[in-house]
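> Show me the folded form of this:
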Amino acid sequence: MAMEPLQIHVIADSTGETAARLARAAQAQFTNISATIVRHPRVSTPEALFAIFDGLRGSQTDEPHIRRVVLFTLVNEHMRTLVTTACQELSLPCADILGGTLAAFEAATGAEADEVARRPVGVEADYFERISAMEFAVRNDDGAIPEALRDCDICLVGASRSGKTPLSIYLGYLGYKTVNVPLVPGIAPPEELFGLTRWRIVGLTIDPERLLAIRNRRVKGLGGFGTKDGYADLVQIYDELDEVGRIQRRLGCPVIDTTGLALEEAAVRVIDIVDDRARKAGSALRRPAGSLMVRP
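Here you go, the predicted model:
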């Protein structure tokens, strides 16, 4: 049953993207709630805060049916206290996203936070490595350069529209040089694929009816192309996935079903699988700079 709409008010001394991302992650756990994120960015003075809460006070009167919650990322302790006090006065649930983290850092280091709003976070150690890995994934989409297979960390293989491209680019974002190779009935995979270290290869599959729906949308975008060659025909899709499965078995690769699987979850599964297979083969999956995986 649908509940009353929710407004998530994000108050930040910078862009508010950190709180907004957390809000979206939390919202995903409440599928029956319709939520809207309202940003209040670059809030740096108490006067700006007072103006925001004057508006919230008026909204509570004008639109009492709307539920509200406040998330805030403010580095200044006094500003955080003002927000907490104002939320208590208006009976608004709130969460101080940054304050607890700053307090934990202070407790761990014995130092005090500088509390400088909008200070650039700087370039992370793995920034350029991740950019390079993403460029690698784009260049090698759909196995465009078979010779580059020898340079990859991870290789994804599967049928067209099974999720290879977005997953390979996301893995690139995480710092892994990923190539994806389409497996097409009647067309032999590149020879370089069979020469690749097997633990690097992960197969993707997808529910046939879900694949049909995805391909139908693509066919419409192409003006109907693909309806005669079986690209968007359910019976032929079943046959195609059977053939793709046979090739994946020849490659000896594990297969992940991407049906209804979030991109982030699929990426974690791929990394875990490749990492585990590499260790069993007496090798190791390259770790992007700045990353650390602790295993039990």
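> got a list of contacts for the helix or strand hosting Val274?
Here Val274 is covered by helix 263-280, with elements defined by DSSP states H and E. Where contact means Cβ atoms under 8 Å, 6 or more residues apart in numbering, the residues beyond helix 263-280 that reach it are 153-154, 156, 163, 166-167, 170-171, 174, 176, 198-200, 202, 254, 256, 258, 261, 284-285, 293. The way it works is simple: take the backbone N, C-alpha and C, and place the C-beta from them, glycine included.
> Give me the mean pLDDT for it.
Per-residue pLDDT values across helix 263-280 average out to 94.
> How about it, which residues are buried there?
Within helix 263-280, the residues scored as buried using 16 or more other Cβ atoms under 10 Å are Ala266, Ala267, Arg269, Val270, Ile271, Ile273, Val274, Asp275, Arg277, Ala278.
> Stretch 131-140 now?
Ala133, Met134, Phe136, Ala137, Asn140.
> Just the buried ones from the contacts of helix 263-280?
Buried members of the contacts of helix 263-280, scored by 16+ other Cβ under 10 Å, are 153-154, 156, 163, 167, 170-171, 174, 176, 199-200, 202, 254, 256, 258, 261, 285.
> which ones among the buried residues of stretch 131-140 are found in helices?
Taking DSSP state H as the definition of helices, these contribute Ala133, Met134, Phe136, Ala137.
> quick check, nearest of those residues to Met79?
Nearest to Met79 out of these is Met134 (Cβ to Cβ; 36.2 Å).
> residues contacting the closest one?
By Cβ under 8 Å, 6+ apart, the residues touching Met134 are Ile169, Gly172, Tyr173.
> Just the ones of the contacts of helix 263-280 in helices?
Pro166, Leu167, Tyr170, Leu171.
> Kindly export the strand or helix carrying Ala19 (C-alpha atoms) in PDB.
According to DSSP H and E, Ala19 maps onto helix 17-27. Provided in PDB are the C-alpha atoms of helix 17-27 (Å, rounded to 0.1, in the frame of the first residue of the first chain):
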ATOM      1  CA  GLU A  17      25.700  15.300  -3.600                       C
ATOM      2  CA  THR A  18      26.900  13.100  -0.700                       C
ATOM      3  CA  ALA A  19      23.700  13.400   1.200                       C
ATOM      4  CA  ALA A  20      21.600  13.000  -2.000                       C
ATOM      5  CA  ARG A  21      23.300   9.800  -2.900                       C
ATOM      6  CA  LEU A  22      22.700   8.400   0.600                       C
ATOM      7  CA  ALA A  23      19.100   9.500   0.400                       C
ATOM      8  CA  ARG A  24      18.600   7.600  -2.900                       C
ATOM      9  CA  ALA A  25      20.200   4.500  -1.400                       C
ATOM     10  CA  ALA A  26      17.900   4.700   1.700                       C
ATOM     11  CA  GLN A  27      14.900   5.400  -0.500                       C
END
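> on that earlier part again, with respect to Glu106, which of the contacts of Met134 is nearest?
Closest to Glu106, out of all of those and judged by Cβ to Cβ, is Tyr173, at 31.2 Å.
> That closest one: neighbouring residues, count only.
By other Cβ atoms under 10 Å, 16 other residues sit near Tyr173.
> any idea how far it is from Leu90?
Distance of Tyr173 to Leu90, given as Cβ to Cβ, to the nearest Å: 39 Å.
> Quick check: end-to-end length of stretch 251-269?
Taking Cα to Cα, to the nearest Å, stretch 251-269 runs 19 Å from one end to the other.
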